[in-house]
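J.: Sharing a model prediction with you, sequence too.
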Amino acid sequence: VTALVRDASAYAPPDGVRVVEGDLLEPETLGPAFGNDAVDAAYYLVHSMDGGPGYAERDQRCARHFIDAASTADVDRVLYLGGLGEDRAELSEHLRSRRAVERILDDGEPALTTLRAAIIVGAGSASFEVVYDLSRRLPVMITPKWVDTLCQPIAIDDVIAYLLGVLTAPETAGETFEIGGPNVLTYAEILRETRRQLGHGLRILRAPVLSPDLSAAWLRFVTDVNPYLARSLVEGLRNTVIVEDDRIREIVPVELTPFPVAVARAIDECRPREPSSDGDTDTRGMSP
């Protein structure tokens, strides 16, 4: 296994993993990642949403450089984790960007397998960490109507199981699949359950009019999320993101994690540890 990262000093790989530095915006740096030996499959787990204005264009350049390098290296398959949502004109900028990346990756020589997911519940997931920040800080929330939008979150462990499973299922090559957890919830229910597991209740007050700009400004005020990422996330909340096509369940059987269990595991990873008796902070379980 080879991992392509921009900064090798910031990544501690598992045993046996080869680490290569490169930047998808600089195509000349990508050759060493594919090495001199044949690469069977390459996972594309990249997006530029937190990089500020113009991220959609950067996303497309990154995808083009990646698929050109994979095609040159005669990679058999590319596996991509994209965003779940209905294909229609009103998709958010983020989901439109995810679809554009799909199309670019599909233009290459390798057979593309796409998995589309909604909120991934785990430490390091931008969407979940916004939910976590809101839930631990606010006993009362004033929200727009998007709080009643339906979503089908999925545990990070289940996403990984699907990503590994499609690699060993040759019939998934050239296909697109939707993946989700066992629970379909509104964002209000997601927030309430997360706060409940933190030991508190939550009161939600729905505002008849609350623009995306105001929602994003509020999100930036009460969470640590990147300002541009906040705006992108709020725009995406108007889209219903539930699984409509569950063919993957027959091909890659995964015992799906109930949302309350997924949240409990994610909170354990997100929550900073209390200072120990000698004054130091115990950082076990904190995401890097």
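T.: Happy to help now that I have it.

J.: Leu79 in helix, strand or coil?
T.: strand (DSSP: H, G, I helix; E, B strand; the rest coil).

J.: An error on my part: the question was meant for Leu164.
T.: Leu164 ends up helix, using three-state DSSP.

J.: Pull the distance from the top helix by length along the chain to the chain's centre.
T.: Looking across the chain with DSSP state H, the single longest helix is helix 55-72. Mean-position distance between helix 55-72 and its chain equals 18 Å (Cα atoms, centre = their mean, to the nearest Å).

J.: Mind giving me the packing neighbours of that helix?
T.: helix 31-34, strand 41-44, helix 93-106 (3 or more Cβ pairs under 8 Å, 6 or more residues apart in numbering; DSSP states H and E). C-beta coordinates here come from the backbone N, C-alpha and C atoms, glycine included.

J.: List the contacts of the closest residue in space to Asp148 that isn't next to it in sequence.
T.: Leaving out its chain neighbours, the residue that sits closest to Asp148 by Cβ to Cβ, 6 or more residues apart in numbering is Thr186, at 5.1 Å. By Cβ atoms under 8 Å, 6 or more residues apart in numbering, the residues touching Thr186 are 147-151.

J.: Ok, which of the helices and strands packed on helix 55-72 comes nearest Gly124?
T.: Smallest distance to Gly124 across the helices and strands packed on helix 55-72 (Cβ to Cβ): 16.0 Å, for strand 41-44.

J.: which other residues reach that closest one?
T.: Residues contacting strand 41-44 (Cβ under 8 Å, 6+ apart): 34, 63, 66, 70, 75-81, 101, 105, 110, 163, 167.

J.: Those residues, buried ones only, as a PyMOL selection?
T.: The PyMOL selection below is limited to those of the contacts of strand 41-44 classed as buried (16 or more other Cβ atoms under 10 Å):
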select buried, resi 34+63+66+70+75+77+78+79+80+81+101+105+110+163+167
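
J.: Tyr55: which of the contacts of strand 41-44 is nearest?
T.: Once Cβ to Cβ is applied, the member of the contacts of strand 41-44 that ends up nearest Tyr55 is Val101, at 11.2 Å.

J.: Give me the spatial nearest neighbour of that closest one, chain neighbours excluded.
T.: Ala63 (4.5 Å).

J.: The one you found: what's it in contact with?
T.: By Cβ under 8 Å, 6+ apart, the neighbours of Ala63 are 24, 44, 46, 100-101, 104-105.

J.: From these, keep the buried residues only.
T.: Neighbour-count burial (16+ other Cβ under 10 Å) is assigned, among the contacts of Ala63, to 24, 44, 101, 104-105.
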